[in-house]
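> sequence first, predicted coordinates after that:
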Amino acid sequence: MGITGHRGLSAQVERAVRDAFDDELRKYDPAELLGVSCIADGPDAWFAEAVLDSGGRIEVVVPAEQYRDGLPDSHHPTYDELLAQAAEVHHTGMRASTAQAHMAGSEILVGLVDRLVAVWDGKEARGYGGTADVVAYARRTGVPVDVLWPDGATRD
């Protein structure tokens, strides 16, 4: 199972999303649970943490060599911890952390999973490689997408 989702969500939305992840992951045998994530701040990391907390394993996709540098400094310890726990790490081979690299990473992620969970408000992407683009790519390639968007949630 893979994850894509909006960053910059409020603490209230975070709680609802984390609860939804926990509810969903309880349906799976931990021995067979594998989550794939780019582990950015927000839903990517929350999902990876939930998978590990459920007894599952994670694989990480690193979109670019400079990807971590583009994430908030406050997220670096979480990113490093999750990366260290990955059963496998996949790379795009790109250096710069650009929208193209992010989309390439998402395409690798979608190619690795049987199902994609999208923390998505249903709106168009604000830039190439955004959540809407990842959802569209998954749907084009036949990967089922489960949209998770809490009632009343908004994003910045």
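Nice, I can see it.
> spit out the contact partners of residue 60.
Shown in contact with residue 60 (CB atoms under 8 Å, 6 or more residues apart in numbering): 36-39, 48, 82-83, 86, 88-90. In short, each C-beta sits where N, CA and C put it, glycine included.
> on the three-state scheme, it is what?
The assignment at residue 60 comes out as strand when based on DSSP: H, G, I helix; E, B strand; the rest coil.
> which pLDDT does the model give it?
If you check residue 60, the pLDDT there is 98.
> equivalent analysis for residue 130, please.
At residue 130, pLDDT is 94.
> same deal with residue 17?
With respect to pLDDT, residue 17 scores 96.
> quick one on the thing from earlier: put the buried members of the contacts of residue 60 into a PyMOL selection.
Paste this into PyMOL to select the buried members of the contacts of residue 60, with burial taken from 16 or more other CB atoms under 10 Å:
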select buried, resi 36+37+38+39+48+82+86+90
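> narrow the contacts of residue 60 to those in strands?
Counted as lying in strands by DSSP state E, out of the contacts of residue 60, are 36-37, 88-90.
> now those residues as TSV including distance to residue 121 and pLDDT?
Listed next are the ones in strands among the contacts of residue 60 as TSV, based on distance: CB to CB, whole Å; pLDDT from 0 to 100:
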residue	distance to residue 121	pLDDT
36	22	98
37	19	98
88	31	98
89	29	98
90	27	98
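> identify, from those residues, the entry nearest to residue 124.
Nearest to residue 124 among the ones in strands among the contacts of residue 60 is residue 37, at 22.8 Å by CB to CB.
> mind listing the strands for this protein?
Using DSSP E, strands in the chain cover 2-5, 34-37, 57-62, 88-91, 116-119, 145-147.
> beta partners of residue 88?
Beta-bridge partners recorded for residue 88 (DSSP bridges): residue 59.
> give me phi/psi at residue 144?
When read as degrees, to the nearest 10, the backbone of residue 144 gives phi -60, psi 140.
> if I look at it, how far off is residue 94?
Note on residue 144: its distance to residue 94, by CB to CB, to the nearest Å, is 27 Å.
> of those two, who's got more company?
residue 94 (18 against 12; other CB atoms under 10 Å).
> quick one: that one and residue 101 touch, right?
Yes: between residue 94 and residue 101 there is a contact at 4.2 Å, judged by CB atoms under 8 Å.
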